[in-house]
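Chemist: sequence and predicted model, in that order:
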Amino acid sequence: MEIVDKLLSHSRLALSKAITAVENEYDDAVKIMTEIYPHTGNAYVIGITGPPGAGKSTLTDKLAKEYRKRGKTVGIVAIDPTSPYSGGAILGDRIRMMDLMADEGIFVRSMATRGSLGGLSQKAGDAVKLMDAYGMDVIIVETVGVGQSEVDIVKTADTTMVVVIPGMGDDIQAIKAGILEIGDLFTINKADREGTDKLNIEIEMMLELNPEHVGWRPPINRTIASKGEGIEAVVDSIEAHKAYLIDSGKLSDIRKKRIKNEVEAMLNDRVNRYIDKEVIQTQGFDDLVVKMQSREIEPYSVVDDIVGKVLK
Amino acid sequence: MANIKVLVAKPGLDGHDRGAKVVARALRDAGFEVIYTGIRLTPEQIAEAALQDDVQVVALSLLSGAHNTLFPKVVELLKEKGLNDVLVLGGGVIPDADIPGLKAAGIAEVFTPGTPTSKIVECIKANVK
């Protein structure tokens, strides 16, 4: 395919158009992904998550620059939420990375979550694969960790970084437990603010209580991303985690799990769409809902009945 | 499944971004995906961002008077990068007398202060497939 040949020959336009084809589910999307798949598996994927306002985009900008200093090319997928009311979105991550536009060794793609039937995990994963096939050494996926699918995306990275900031009220407890537990490293950004030491201790305590991390103790780094302070140490930590994963053989396990999770997500997405189209969106279903409301029938047998028919 | 993507940018040395932000929000409320890229950008940065996000619309805001130089420059760079179907719109403090020249240079429409944001939304919906 022409677009794939161009992408593999480092055409930025082809890379961009290929990501669009996948995002918008154009007819040629599956063919593109099939053709580039053998060229994937080389890039190192870093997932960055944390609450809104933690400075993830600013940090990503600085991390990308540091990786460039170390001779690596960097792809970035920056994900922002779609408004459930309007269906639109403000994709406000790129604004923190405008310096990077002049560097041909960096490619940034903004992506909106586009609702629960949007297949975000797959699309983000496909964008990562396209950047991988294009030849990026490092790919950073940056997303706010509020939705399950966003946490899932970050979990499929090789190294997952959780970014937090001090002074968030009831501190660590305010942040979803799921996000904290998946961190391979923690970055306390805006570390010039009050509450940094306290937050550091709380994260350490949480790590003590969590038996998950055997063999790798997640380091806690402090940064002031807006000033570019503390960035080298963060990249050093990521590289240390990478070395640990390679030496222990765990990298291969993670990537196997990533493939399994991806296919599982793709299957679930297809099934959900089928059910939405063939069951939920039908008049017959509306009639069933009316009957349930008047208590003529109840949900459990309705579901049993539908599942029985669908799985025939 | 395909939302229209709009890049909102302020080229040159102008920092007055309230209008651009109002437009960005209105476009989001109309269901578009808006990449708001901020102030003090070069035409090169804007064109490269447009390429990377593969946007259908680039909306430029300028209140400092440099529009006759900077707006056409963005159009030129978009074409150089192979982005031939991008709708380029302009807004800000633009004298009526300059509008024909801008349109000749590839700016599809210019929306000056007082324009209801719905007009911008309509223009985009009418011109982007």
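Modeler: Yes, it's here.
Chemist: let me know the pLDDT of A:G169.
Modeler: Predicted confidence (pLDDT) for A:G169: 61.
Chemist: so where is the chain shaky, pLDDT-wise?
Modeler: No chain specified, so I'll use chain A. Within chain A, the ranges that satisfy pLDDT under 70 run A:116-119, A:146-150, A:169-180, A:211-213.
Chemist: my question was about chain B
Modeler: Judged by pLDDT under 70, the stretches of chain B that qualify are B:1.
Chemist: longest helix in it, please.
Modeler: Longest helix of chain B, by residue count under DSSP state H: helix B:67-80.
Chemist: contact partners for A:R217?
Modeler: A:L207 (C-beta atoms under 8 Å, 6 or more residues apart in numbering or on different chains). Using the backbone N, CA and C atoms, a C-beta is placed for each residue, glycine as well.
Chemist: can you count the residues close to residue 52?
Modeler: By default, I'm working from chain A. Residues lying near A:P52 (other C-beta atoms under 10 Å in any protein chain shown) number 10.
Chemist: chain B is the one I meant
Modeler: Counted with other C-beta under 10 Å, B:Q52 comes out at 26.
Chemist: how near is it to chain A?
Modeler: Using C-beta to the nearest C-beta, to the nearest Å, B:Q52 is found at 5 Å from chain A.
Chemist: ok, now B:E44?
Modeler: 7 Å.
Chemist: quick check: buried residues in the helix or strand encompassing that residue?
Modeler: Using DSSP states H and E, B:E44 maps to helix B:43-53. Buried residues in helix B:43-53, counting neighbours by 16 or more other C-beta atoms under 10 Å in any protein chain shown, are found at B:P43, B:E44, B:Q45, B:I46, B:A47, B:E48, B:A49, B:A50, B:L51, B:Q52, B:D53.
Chemist: so who does residue 53 touch?
Modeler: Unless you meant another one, I'm taking chain A. So A:G53 contacts A:I165 (C-beta under 8 Å, 6+ apart).
Chemist: um, chain B though
Modeler: Contacts of B:D53 (C-beta under 8 Å, 6+ apart): A:S16, A:L91, A:R94, A:R109, A:S110, B:K5, B:L7, B:I35.
Chemist: with secondary structure and neighbour count added, can I get those residues in CSV?
Modeler: Below are the contacts of B:D53 laid out as CSV (DSSP: H, G, I helix; E, B strand; the rest coil; neighbours: other C-beta atoms under 10 Å in any protein chain shown):
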residue, secondary structure, neighbour count
A:S16, helix, 23
A:L91, strand, 25
A:R94, helix, 25
A:R109, strand, 25
A:S110, strand, 28
B:K5, strand, 25
B:L7, strand, 28
B:I35, strand, 28
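Chemist: circling back to that earlier point, got the contact list for the helix or strand just after the helix holding B:E44?
Modeler: Downstream of helix B:43-53, the first helix or strand assigned by DSSP H and E is strand B:57-62. Defining contact as C-beta under 8 Å, 6+ apart, one finds that strand B:57-62 is touched by B:4-12, B:14, B:17, B:19-20, B:23, B:27, B:32, B:46, B:50, B:67, B:70-71, B:74, B:78, B:86-94, B:107, B:120, B:124, B:128.
Chemist: around chain B, pick out the residues from chain A.
Modeler: By C-beta under 8 Å from any C-beta of the partner chain, the residues of chain A that approach chain B are A:12-13, A:16-17, A:19-20, A:23-25, A:82-83, A:85-92, A:94-95, A:98, A:101-102, A:107-110, A:112, A:114, A:118.
Chemist: and if we set it to 7 Å?
Modeler: Contact residues (C-beta under 7 Å from any C-beta of the partner chain) of chain A with chain B: A:12-13, A:16-17, A:20, A:24-25, A:83, A:86-92, A:94-95, A:98, A:101-102, A:107-110, A:112.
Chemist: contact partners for the closest residue to A:V163 other than its chain neighbours?
Modeler: Closest residue to A:V163 apart from its sequence neighbours, by C-beta to C-beta, 6 or more residues apart in numbering or on different chains: A:G50 at 3.6 Å. Contacts for A:G50 (C-beta atoms under 7 Å, 6 or more residues apart in numbering or on different chains) come out as A:K56, A:G145, A:V162, A:V163, A:V164.
Chemist: so A:G50 bridges to which residues?
Modeler: A:V144 (DSSP bridges).
Chemist: from A:V234, how far off is it?
Modeler: 13 Å (C-beta to C-beta, to the nearest Å).
Chemist: what domains does the record give for chain A?
Modeler: Residue ranges for the domains of chain A, per automatic domain parsing: A:1-39, A:40-248.
Chemist: quick one, which of the ones you listed is packed in tightest?
Modeler: domain A:40-248 (a mean of 19; mean count of other C-beta atoms under 10 Å in any protein chain shown).
Chemist: what's the first-to-last distance across that domain?
Modeler: Distance between the boundary residues of domain A:40-248 (C-alpha to C-alpha, to the nearest Å) amounts to 22 Å.
Chemist: one more: stretch B:27-47?
Modeler: 20 Å.
Chemist: residues making contact with that stretch?
Modeler: Here stretch B:27-47 has contacts from A:83, A:86-92, A:94-95, A:98, A:101-102, A:110, A:112, B:3-11, B:13-15, B:17, B:24, B:49, B:53, B:55, B:58, B:70, B:73-74, B:77-78, B:81, B:121, using C-beta under 7 Å, 6+ apart.
Chemist: ok, the residue in the stretch 101-250 of chain A that chain B sits nearest to to A:A89 distance?
Modeler: Minimum separation of the stretch 101-250 of chain A from chain B (C-beta to the nearest C-beta) falls at A:M101, amounting to 4.2 Å. Taking C-beta to C-beta as the measure, A:M101 falls 21 Å from A:A89.
Chemist: which residue packs closest to A:L199, ignoring adjacent ones?
Modeler: In space, A:L199 comes closest to A:P166 once its chain neighbours are excluded; the distance is 4.6 Å by C-beta to C-beta, 6+ apart.
Chemist: ok, now how distant is the one you found from A:L251?
Modeler: Distance, A:P166 to A:L251, by C-beta to C-beta: 32 Å.
Chemist: ok, A:K312 next?
Modeler: 42 Å.
Chemist: the two: who's more crowded?
Modeler: Between A:K312 and A:L251, counting by other C-beta under 10 Å, A:L251 is the more crowded of the two (18 against 5).
Chemist: that one - that's part of a helix, no?
Modeler: Yes: judged by DSSP: H, G, I helix; E, B strand; the rest coil, A:L251 forms part of a helix.
Chemist: surely it meets A:D158?
Modeler: Yes: contact criterion C-beta atoms under 7 Å: A:L251 and A:D158 qualify, at 6.5 Å.
Chemist: which neighbours do the two share?
Modeler: Jointly contacting A:L251 and A:D158 under the rule C-beta under 7 Å, 6+ apart are A:L245.
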